[in-house]
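K.L.:
Sequence and predicted structure are below.
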There are 2 protein chains.
Amino acid sequence: MSHRKVAELPVRIAGLGWYLPARRVTNGELEQRIGIAPGWIARVSGVQERRYVDNETTVGMATAAARMALDAAGIPAGALDAIVGASAGPEQAIPCTAALVQRTLGAPEGNSACFDVNATCLSFLFALQTAAHLVSAGVYRTMLIFSSEIGSRSLDPEERESAVLFGDAAAAAVVTRASTAEPGTFWHARFGTWSSGADLAQVQGGGTLHHPNDPATTHGMNLFHMRGPEIFKQAGRLIGPFLDDFFAELHWERGEVDAVVPHQASRHAVELLTRRLGFRDNQMVVNLPERGNCISASIPLGLAEAVGRGRIRRGDRVLLVGSGAGLTLGAVALTY
Amino acid sequence: MSHRKVAELPVRIAGLGWYLPARRVTNGELEQRIGIAPGWIARVSGVQERRYVDNETTVGMATAAARMALDAAGIPAGALDAIVGASAGPEQAIPCTAALVQRTLGAPEGNSACFDVNATCLSFLFALQTAAHLVSAGVYRTMLIFSSEIGSRSLDPEERESAVLFGDAAAAAVVTRASTAEPGTFWHARFGTWSSGADLAQVQGGGTLHHPNDPATTHGMNLFHMRGPEIFKQAGRLIGPFLDDFFAELHWERGEVDAVVPHQASRHAVELLTRRLGFRDNQMVVNLPERGNCISASIPLGLAEAVGRGRIRRGDRVLLVGSGAGLTLGAVALTY
């Protein structure tokens, strides 16, 4: 991998928000339903509970998270000039989820451009990079990014490792230009895809390959399947050199990072960052035990909740980092 | 709508490519199959024939188009540092289609970042804007954008107007930094979404709202439905002021545009640009009669074929313009 230019853009996250479905699903409930020995889930996955939707929708959760982010930023929905959906799963195949959120949010028509960005679990990071460059260039002044996921409907109870891991959630961020009065910096982003791992985490259905109406499309094709140990092995081998390059480009030391918000892929994935990759436990923002892996919403939810409880404050150096289906690695450095 | 800053980025489309399925579907075949009077399709839609896939896949078509674009650019796949899928329909729900194309293209692992951008028919324009800013900022040097669509599997024969309109195709573009030796400019992009029209063109299924495995999800929910006259009415009312703003920002006169490549939404949509919006017939690039509406591939296919036959040449001022589900309007001005 060649070294890449650091962006250092005068861009800030002006506000963050999130939404969690009311329904808590405990390990006890899942263990009984799936037929797993008590204690197995916590031991293997590190998840204690997660939320599942009842009647909530992708768009409804996104809208609630967006309202909270706009409130936190002190910015009305009418000021948005772009809305970016950054989720692995859309509300419906057409139109893009961002357009549906413009409608439910009551954002004035014609004032905002709506599109979706999808890189599964890293969708938010790709969208944040895109937003940072578009805001910095003056294309848009106020962009909303949301990640809203209902993974619970696509879980296969026969694949225990993934069935117990995921939770539903939404999170949102408002991105604006930074100023002397309202500082913030988008320092750097780096992504790489290793597609030999493309089959390690997948939903084969839901697209043109196995159309929902094709009689040959099976129930199982529409469910998520992952080969967890192989993902962990591949990602674990790649993430070290990837982060070394990232920090070399960035000219930061790992110890200077105030908060690392990793994709809450699994307990092992989060532990890897501290046990082998040079971060301290007290740098890590971890919500896996209470939230599970919330797919694309995982990283912005971790960030938003950490800001909400004062763990991350204005001026802090923050690293967002994770792996996603693809297999793709991604990292973003910013001053909140 | 407020006026927006013109980008004027030193970015060029270094090469273009496309892929068309071998199978031609004539109006005669469709009229017989669906039970429509001979001549109705050409009269109402303006389409004479379209291509449908047999065994081709979204990824396979994208890969063929990408290879042609790389060849045209004289750039090896190994030089790509980002691959952007810009289609309305993915190959499968997870991972993103771009990662799958990295694999089939044989682009070296880890060297490119893969993600998808989706704004239905305008996906290519949003991806082009994103790529232009990322390349201009030095984040990536060589980006591949592809749009690959198999709409034919989601058509409802009972909705004649849309069933006869769409065709399958893929197109791709390689985007690089321009130089004195290899000039090119990405002048401006403008988008706006009017989500009161979100239900006018939709596939209700394919997402979390009507999951493929939900017993309540019907066959019809997984098919495309549009209210064509209402879309035309709404888009027709909005596109005039939208283009007026766009040209005011751009400081171009309509007459200075060498080629207008519109989304081939329908005969009426294409005619609107000449009959009411101030362009001349000889400025228009029209492939609707032979290709049909190829969803996101429509605009890059029109551009690629026009370059291929010498209709658009280096140094030409090109306008890419269209409407998509959302309802979203978009326009991009570039010097090819």
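P.N.:
Sure, I can see it. Numbering: from 1, shown residues only, chains lettered A, B, ... in the order given.
K.L.:
who's in contact with the closest residue to chain B within the stretch 151-300 of chain A?
P.N.:
Among all residues of the stretch 151-300 of chain A, residue A:206 sits closest to chain B, at 2.9 Å; criterion: C-beta to the nearest C-beta. Heads up, the C-betas are built off the backbone N, CA and C, glycines and all. Applying C-beta atoms under 8 Å, 6 or more residues apart in numbering or on different chains, we find residue A:206 in contact with A:212, A:222, B:90, B:92, B:93, B:94, B:206, B:212.
K.L.:
try it again with 6 Å
P.N.:
Listed by C-beta atoms under 6 Å, 6 or more residues apart in numbering or on different chains, the contact set of residue A:206 reads residue B:93.
K.L.:
any idea whether it is helix, strand or coil?
P.N.:
Of the three states, residue A:206 takes coil under DSSP: H, G, I helix; E, B strand; the rest coil.
K.L.:
The most centrally placed residue in chain A: what secondary structure?
P.N.:
Most central in chain A under C-alpha atoms, centre = their mean is residue A:296, positioned 2.9 Å from the mean C-alpha point. At residue A:296 the chain is in helix, as set by three-state DSSP.
K.L.:
Would you check that it makes contact with residue A:88?
P.N.:
Yes: the pair residue A:296 / residue A:88 is scored as a contact, 5.2 Å apart, by C-beta atoms under 6 Å.
K.L.:
How is residue A:21 assigned, secondary-structure-wise?
P.N.:
Classified using three-state DSSP, residue A:21 is coil.
K.L.:
what do you get for residue A:261?
P.N.:
Going by three-state DSSP: residue A:261 is strand.
K.L.:
and the longest helix for chain A?
P.N.:
Longest helix of chain A, by residue count under DSSP state H: helix A:228-250.
K.L.:
now what about that one, what contacts it?
P.N.:
If you take C-beta under 6 Å, 6+ apart as the criterion, helix A:228-250 is touched by A:1, A:3-4, A:6, A:161, A:188, A:190, A:197, A:200-201, A:268, A:272, A:323, A:327, A:329, A:331, A:333.
K.L.:
Strands - which of those residues land there?
P.N.:
Mapping the contacts of helix A:228-250 onto strands (DSSP state E) picks out A:188, A:190, A:201, A:323, A:329, A:331, A:333.
K.L.:
Per-residue pLDDT of residue A:1, please?
P.N.:
Residue A:1 carries a pLDDT score of 49 in this model.
K.L.:
Spell out which parts of the stretch 1-150 of chain A neighbour chain B.
P.N.:
A:1, A:5, A:58, A:89-96, A:99-100, A:102-103, A:109-110, A:113-120, A:126, A:130, A:133, A:137-138, A:150 (C-beta under 6 Å from any C-beta of the partner chain).
K.L.:
For whichever strand or helix holds residue A:299, buried residues please.
P.N.:
In this assignment (DSSP states H and E), residue A:299 forms part of helix A:298-308. Across helix A:298-308, burial judged by 16 or more other C-beta atoms under 10 Å in any protein chain shown covers A:298, A:299, A:300, A:301, A:302, A:303, A:304, A:305, A:306, A:307.
K.L.:
now those in JSON lines, with pLDDT and distance to residue A:183?
P.N.:
Output for those, formatted as JSON lines (pLDDT from 0 to 100; distance: C-beta to C-beta, whole Å):
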{"residue": "A:298", "pLDDT": "97", "distance to residue A:183": "27"}
{"residue": "A:299", "pLDDT": "98", "distance to residue A:183": "22"}
{"residue": "A:300", "pLDDT": "98", "distance to residue A:183": "20"}
{"residue": "A:301", "pLDDT": "98", "distance to residue A:183": "24"}
{"residue": "A:302", "pLDDT": "98", "distance to residue A:183": "22"}
{"residue": "A:303", "pLDDT": "98", "distance to residue A:183": "17"}
{"residue": "A:304", "pLDDT": "98", "distance to residue A:183": "19"}
{"residue": "A:305", "pLDDT": "98", "distance to residue A:183": "22"}
{"residue": "A:306", "pLDDT": "98", "distance to residue A:183": "19"}
{"residue": "A:307", "pLDDT": "98", "distance to residue A:183": "15"}
